[in-house]
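Participant: only the shape, not the letters, is given here:
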Ligand code: G4P
């Protein structure tokens with residue numbers, strides 16, 4: 001019989017990530033969302049934590065201090081009857097492959113854009129991962145209280161740079177900056193006035209005026225009123241209509257404008273976001289689709305956080321619940337060992353503190369104590385075994401040749417590198433014809449190289465030599481029209497193999513990728529690869 005709460009608990013869950021470039025206002029927005037949810041009474045604490053994290057340049061110290069205890073991978077709060085899980089997507093120095101992997105656990109994404117800067121580099125990268133999964137992407141254009149780009153120009157930018165069309169749900173009035181008047185909600189036909197002032201710390205009452213209220217022209221000024229009427233007509237006639245199905249398939253992004261730090265436009269955004277997005281949907285396994293409200297508990301591991309304190313070698317594995325009810329102490333089948341294991345000591349992440357969790361439902365994120373048995377992408381389930389397709393390997397962007405300083409330590413070096421690549425901290429590659437001794441480490445975020453060096457030293461007792469290589473892109477060869485050594489490539493492009501022995505090409509620039517494709521008809525290159533195949537080799 002189905003768990004009595006399962007259906008109701010599932011339909012009220014929303015699990016999403018905020019994707020943005022550093023400084024667009026993710027911390028500020030997250031804080032405001034938590035504020036609405038009553039998870040924090042006064043905004044400021046998320047920020048304080050971020051500041052604490054970045055206050056010192058010696059991040060290794062921070063990592064050591066935080067160990068696995070203060071890491072925030074998901075924040076949970078209630079709002080309007082919904083239970084919301086916001087996945088943390090590390091941005092600044094801590095940008096790494098984990099940031100991409102986290103997106104695999106999200107059901108939708110909020111894309112936060114600074115109105116003055118438009119679409120920036122890290123947003124593009126994260127957007128691509130969301131696109132790959134076809135999840136709904138909601139755009140929030142932030143910092144409207146400051147001078148920024150024209151909203152039509154921003155719509156154009158979304159289409160040109162990201163290849164996604166947008167449908168504004170609200171529309172800014174007045175010049176951004178000093179003369180910002182507010183937003184017009186196209187669905188309710190109401191103007192929400194921006195009164196300025198610093199409402200950063202608290203929730204504020206908003207002043208609204210209906211679009212056909214005769215007081216509106218004087219409230220926002222005749223010129224802005226005329227411009228608004230013109231803009232609305234243009235959007236109605238030439239813009240994309242609001243099409244929920246296209247939005248839910250990730251083909252159209254609803255667009256919102258506001259100012260997170262002034263608490264303006266955040267609540268209307270949140271309400272619409274929650275009502276348009278869906279609760280956790282069915283996920284595809286090797287046994288077919290599994291509905292979230294199935295009796296069968298399933299979940300997968302999307303992140304493994306090592307404890308940087310060498311005295312505690314244990315790790316924390318983050319699991320996304322996909323179906324059924326998770327209960328503390330339950331026994332589940334574990335895909336990579338093929339054995340049954342008991343899930344003790346689960347933890348859940350509230351706005352600030354960890355709490356021990358007794359029960360969790362689809363969409364929830366749980367931290368599991370990991371004595372070293374979990375692999376990224378592992379499926380855990382009750383009943384007959386099923387496997388989710390797992391977490392892919394995402395293309396690293398920084399590469400270094402690494403070797404042990406003391407060649408006598410080669411064995412420990414290889415052990416450390418293998419374990420760190422299984423954990424997902426790095427990927428490894430080898431260039432054939434360069435010699436058996438070579439090992440190339442590839443990482444998504446440059447700081448992971450420091451992590452590699454630090455961890456090999458502290459956990460495996462190996463000092464390494466690092467030599468930065470000029471490559472910035474790796475592509476897995478899915479199909480090739482001829483043997484790889486006969487491909488026509490730029491002089492700086494080199495073939496290599498990944499740790500599963502799969503052929504890849506290392507490129508220095510995008511131009512070389514384009515040329516490789518143009519000059520070798522039939523060549524198919526992938527930006528991601530199957531992780532399970534690589535792990536299987538090392539079992
Ligand atoms: P991030 O997590 O995406 O990196 O961004 P974060 O929220 O830390 O915001 C980056 C900066 O942008 C902060 O300023 C923040 O106050 C500011 N900001 C966020 N939302 C808005 C907005 O709607 N309008 C304006 N004008 N600014 C905004 P800071 O100077 O770095 O920090 P602080 O001194 O304000 O705390």
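Facilitator: Arrived safely, thanks for sending. The structure presented is a predicted model; accordingly, all values stated were derived computationally and were not measured.
Participant: going forward, measure contacts and count neighbours with C-alpha atoms only.
Facilitator: OK.
Participant: the closest residue to the ligand within the stretch 251-400 of the chain - how many residues pack around it?
Facilitator: Per Cα to the nearest ligand atom, the residue of the stretch 251-400 of the chain with the smallest distance to the ligand is residue 259, at 3.3 Å. Neighbour count for residue 259, taken as other Cα atoms under 10 Å: 25.
Participant: look at the residue nearest to it when sequence neighbours are not counted and report its pLDDT.
Facilitator: Excluding its sequence neighbours, the residue lying closest to residue 259 (Cα to Cα, 6 or more residues apart in numbering) is residue 143, at 4.6 Å. Here the pLDDT value assigned to residue 143 is 95.
Participant: OK, contacts around residue 143?
Facilitator: Residues near residue 143 by Cα atoms under 8 Å, 6 or more residues apart in numbering: 114-116, 258-261.
Participant: what's the closest of the residues you listed to residue 424?
Facilitator: Nearest to residue 424 out of the contacts of residue 143 is residue 114 (Cα to Cα; 30.8 Å).
Participant: averaging pLDDT per element, find the lowest-scoring helix or strand in this protein.
Facilitator: Of all helical and strand segments in the chain, the minimum by mean pLDDT, DSSP states H and E falls on helix 59-66, at a mean of 46.
Participant: quick one: distance of the next helix or strand after it to the chain centre.
Facilitator: Note on helix 59-66: by DSSP states H and E, the next helix or strand toward the C-terminus is strand 74-79. Put simply, strand 74-79 sits 17 Å off its chain's centre (Cα atoms, centre = their mean, to the nearest Å).
Participant: counting contacts, what elements does strand 74-79 pack onto?
Facilitator: strand 82-87, strand 347-349 (3 or more Cα pairs under 8 Å, 6 or more residues apart in numbering; DSSP states H and E).
Participant: strands paired with the longest one, and their directions?
Facilitator: Pairing partners of strand 82-87, with direction, according to DSSP bridges: strand 13-19 (parallel), strand 74-79 (antiparallel).
Participant: which of these comes out lowest on mean pLDDT?
Facilitator: Lowest mean pLDDT within these: strand 74-79, at a mean of 86.
Participant: show me which residues of the chain are close to the ligand?
Facilitator: Contacts of the chain with the ligand, taken as Cα under 6 Å from any ligand atom, map to 22-28, 142-143, 145-146, 259-262.
Participant: can you show me the helices along the stretch 51-200 of the chain?
Facilitator: With DSSP state H, counting those that start in this stretch as the criterion, the stretch 51-200 of the chain has helices at 59-66, 97-104, 121-133, 151-157.
Participant: contacts made by stretch 275-289 with the rest, please.
Facilitator: For stretch 275-289, contacts defined as Cα under 8 Å, 6+ apart pick out 10-15, 107-108, 136, 244, 248, 290-292, 322, 362-363, 386-389.
Participant: repeat for stretch 218-229
Facilitator: 173-174, 181, 216-217.
Participant: can you pull the poorly scored residue ranges out of the chain?
Facilitator: Within the chain, the set of residues satisfying pLDDT under 70 comprises 1, 39-72, 93, 176-177, 197-205, 307-314, 345-356, 435-437, 536-539.
Participant: try it again at 50.
Facilitator: For the chain, the stretches with pLDDT under 50 are 41-44, 52-71, 350-353.
Participant: show me the contacts for the residue most central in space within it.
Facilitator: Centroid-nearest residue in the chain: residue 103, 3.7 Å away (criterion: Cα atoms, centre = their mean). Residue 103 sits next to 17, 89, 129-130 when contact means Cα under 8 Å, 6+ apart.
Participant: next up, the contacts around the closest residue to residue 133 other than its chain neighbours.
Facilitator: Spatial nearest neighbour of residue 133, chain neighbours left out: residue 104 (7.6 Å); criterion: Cα to Cα, 6+ apart. Going by Cα under 8 Å, 6+ apart, residue 104 touches 130, 133, 302, 391.
Participant: which one of these sits closest to residue 186?
Facilitator: Taking the contacts of residue 104 together and measuring to residue 186 by Cα to Cα, the closest member is residue 130, at 26.4 Å.
Participant: coming back round to it: now, which of the contacts of residue 103 sits nearest the ligand?
Facilitator: residue 89 (10.0 Å).
Participant: pretty sure the closest one is touching residue 16, no?
Facilitator: No - Residue 89 is beyond contact range of residue 16, at 10.2 Å (criterion: Cα atoms under 8 Å).
Participant: what about residue 142, how many residues nearby?
Facilitator: Close neighbours of residue 142, defined as other Cα under 10 Å, add up to 27.
Participant: need the strands for the stretch 151-300 of the chain, in chain order.
Facilitator: Counting by DSSP state E, counting those that start in this stretch, one finds strands in the stretch 151-300 of the chain at the ranges 165-168, 170-173, 182-185, 190-193, 207-210, 252-257, 283-285, 288-290, 298-306.
Participant: okay if I get those strands as a markdown table plus mean neighbour count?
Facilitator: Below are these laid out as a markdown table (neighbours: other Cα atoms under 10 Å):
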| stretch | mean neighbour count |
| --- | --- |
| strand 165-168 | 22 |
| strand 170-173 | 24 |
| strand 182-185 | 25 |
| strand 190-193 | 21 |
| strand 207-210 | 14 |
| strand 252-257 | 26 |
| strand 283-285 | 14 |
| strand 288-290 | 15 |
| strand 298-306 | 25 |
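Participant: so which of the helices of the stretch 51-200 of the chain is nearest residue 502?
Facilitator: helix 97-104 (19.5 Å).
Participant: before we move on, the earlier item: from the contacts of stretch 218-229, which is closest to the ligand?
Facilitator: Among the contacts of stretch 218-229, and counting by Cα to the nearest ligand atom, the member closest to the ligand is residue 181, at 14.0 Å.
Participant: OK, contacts around the closest one?
Facilitator: Residue 181 sits in contact with 172-175, 193-195, 220, where contact means Cα under 8 Å, 6+ apart.
Participant: then residue 317?
Facilitator: Residue 317 sits next to 301-305, 367-370, 374 when contact means Cα under 8 Å, 6+ apart.
Participant: try 7 Å this time
Facilitator: 301, 303-305, 367-370, 374 (Cα atoms under 7 Å, 6 or more residues apart in numbering).
Participant: let's have those residues in CSV, adding distance to residue 513.
Facilitator: Compiled in CSV, the contacts of residue 317 are given as follows (distance: Cα to Cα, whole Å):
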residue, distance to residue 513
301, 32
303, 30
304, 32
305, 33
367, 39
368, 40
369, 42
370, 39
374, 35
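Participant: of the residues you listed, which is the nearest to residue 121?
Facilitator: Checking the contacts of residue 317 against residue 121 with Cα to Cα, the nearest one is residue 303 at 23.4 Å.
Participant: and the closest one, bridged to which residues?
Facilitator: residue 318.
Participant: isn't it up against residue 376?
Facilitator: Yes - look at residue 303 against residue 376 with Cα atoms under 7 Å: they come within range, at 6.2 Å.
Participant: buried among the contacts of residue 103? Make that a PyMOL selection.
Facilitator: In PyMOL, a selection of the buried entries from these looks like this (16 or more other Cα atoms under 10 Å):
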select buried, resi 17+89+129+130
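Participant: now the helices for the stretch 301-450 of the chain?
Facilitator: 410-423, 447-460.
Participant: can I get these in JSON lines with distance to residue 230 and mean neighbour count?
Facilitator: As requested, these are exported to JSON lines (distance: least, Cα to Cα, whole Å; neighbours: other Cα atoms under 10 Å):
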{"stretch": "helix 410-423", "distance to residue 230": "55", "mean neighbour count": "18"}
{"stretch": "helix 447-460", "distance to residue 230": "49", "mean neighbour count": "18"}
